[in-house]
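> Quick one: sequence and predicted model below, then my questions.
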Number of protein chains: 2
Amino acid sequence: MPFADILKEVVNSTEGALGALIVGLDGIPVEEYAKSSDMDIQSMTVEFSSLLKEIEKGSQSAEMGSTKEVTVIADKAMIMLRRLNDEYFFVLIIKPDGNFGKGRFLLRMAAPRLLKEF
Amino acid sequence: MPFADILKEVVNSTEGALGALIVGLDGIPVEEYAKSSDMDIQSMTVEFSSLLKEIEKGSQSAEMGSTKEVTVIADKAMIMLRRLNDEYFFVLIIKPDGNFGKGRFLLRMAAPRLLKEF
């Protein structure tokens, strides 16, 4: 299944999901699917992808090993980032009243399927 | 209940928890409780507290509002940061096989009690 279809499936199966992306550690998106135009997903990605590198550096220096998953819950959105491989992350953006747990579950389930497409 | 007792209670009630701290956005810990000496909690805190500021900046620029909770799952540890007020975060560090969900629940429950002590 192509990237775009998997992203669409995860977003449409998660109540309150706004969009999903596959992003490189450099912040450049490979694929994206936005359900709603309410939120500027592109600008959110740019902000958060720079954080990924910082978080990875932090994990390594703190001897926590490599980062597998990062979640940020803010007032207006929840964002989940899951590592796919050395260079790419899967990002899911959900509304504050969305189904966080389901999003996380679907993100984890989708990861191996996405990896096959690389 | 003093800070130290609340931290101890959360750590001892969460399976696999290694320690907990109250940290300022500037990275300086107010109080800490470490169950195990396996992990250098102090150095982890320094690494991650600098990230807090970055994450907060990211959330604000991405118009996500203020950050309420951040979770980082790495190979060797899981770290949960929950905002207490404008200046302080509650941090819980758990082993990879620990009870993540329970830790998160107890962290949320403890937040209002900790706030009363400020």
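Nice, thanks for sending it over.

> where does chain A dip in pLDDT?
Per-residue confidence of chain A (counting by pLDDT under 70) places the weak regions at A:37-40, A:42, A:44-51, A:61-62.

> where along it do the helices fall?
Taking DSSP state H as the criterion, chain A carries its helices at A:3-13, A:41-61, A:100-116.

> Chain B is nearest to which of those?
Across the helices of chain A, chain B has its closest neighbour in helix A:41-61 (4.1 Å, C-beta to the nearest C-beta). Glycine gets a C-beta too; all of them are placed from N, C-alpha and C.

> Tabulate the helices of chain A (a markdown table), appending distance to B:Thr71 and mean neighbour count.
Putting these into a markdown table (distance: least, C-beta to C-beta, whole Å; neighbours: other C-beta atoms under 10 Å in any protein chain shown) gives the following:
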| stretch | distance to B:Thr71 | mean neighbour count |
| --- | --- | --- |
| helix A:3-13 | 19 | 18 |
| helix A:41-61 | 11 | 19 |
| helix A:100-116 | 10 | 16 |
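
> would you list the ones you listed in CSV and tack on distance to B:Leu18?
Listed next are those as CSV, based on distance: least, C-beta to C-beta, whole Å:
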stretch, distance to B:Leu18
helix A:3-13, 32
helix A:41-61, 15
helix A:100-116, 22
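
> Take those helices and write them to JSON lines, including distance to chain B.
Rendered in JSON lines, the data for the helices of chain A read as follows (distance: least, C-beta to the nearest C-beta, whole Å):
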{"stretch": "helix A:3-13", "distance to chain B": "18"}
{"stretch": "helix A:41-61", "distance to chain B": "4"}
{"stretch": "helix A:100-116", "distance to chain B": "9"}
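
> how about the ones you listed, which one is nearest A:Gly24?
Between A:Gly24 and those, the shortest gap by C-beta to C-beta is with helix A:41-61, which sits at 7.6 Å.

> Quickly list what the residue nearest to the spatial centre of chain A is bridged to.
The geometric centre of chain A, computed from its C-alpha atoms, lies nearest to A:Val91 (C-alpha atoms, centre = their mean), at 1.0 Å. Each beta-bridge partner of A:Val91 is listed here, defined by DSSP bridges: A:Leu21, A:Leu81.

> So it versus chain B, what's the distance?
Between A:Val91 and chain B the distance, using C-beta to the nearest C-beta, to the nearest Å, works out to 12 Å.

> Run through the residues that contact that residue.
Taking C-beta atoms under 8 Å, 6 or more residues apart in numbering or on different chains as the definition of contact, the neighbours of A:Val91 are A:20-23, A:45, A:48, A:79-82.

> any idea which of the residues you listed is the one closest to chain B?
Of all the contacts of A:Val91, the one sitting nearest chain B is A:Phe48; the distance, using C-beta to the nearest C-beta, is 5.6 Å.

> Just give the number of residues close to A:Ala77.
Taking other C-beta atoms under 10 Å in any protein chain shown as the neighbour definition, A:Ala77 ends up with a count of 23.

> And for A:Asp86?
A:Asp86 sits with 7 neighbouring residues when counted by other C-beta under 10 Å.

> for it, phi and psi?
For A:Asp86, the backbone dihedrals are phi -60, psi -30 (criterion: degrees, to the nearest 10).

> What's the separation between it and chain B?
Distance, A:Asp86 to chain B, using C-beta to the nearest C-beta: 13 Å.

> residues touching that residue, list them.
Taking C-beta under 8 Å, 6+ apart, one finds nothing in contact with A:Asp86.
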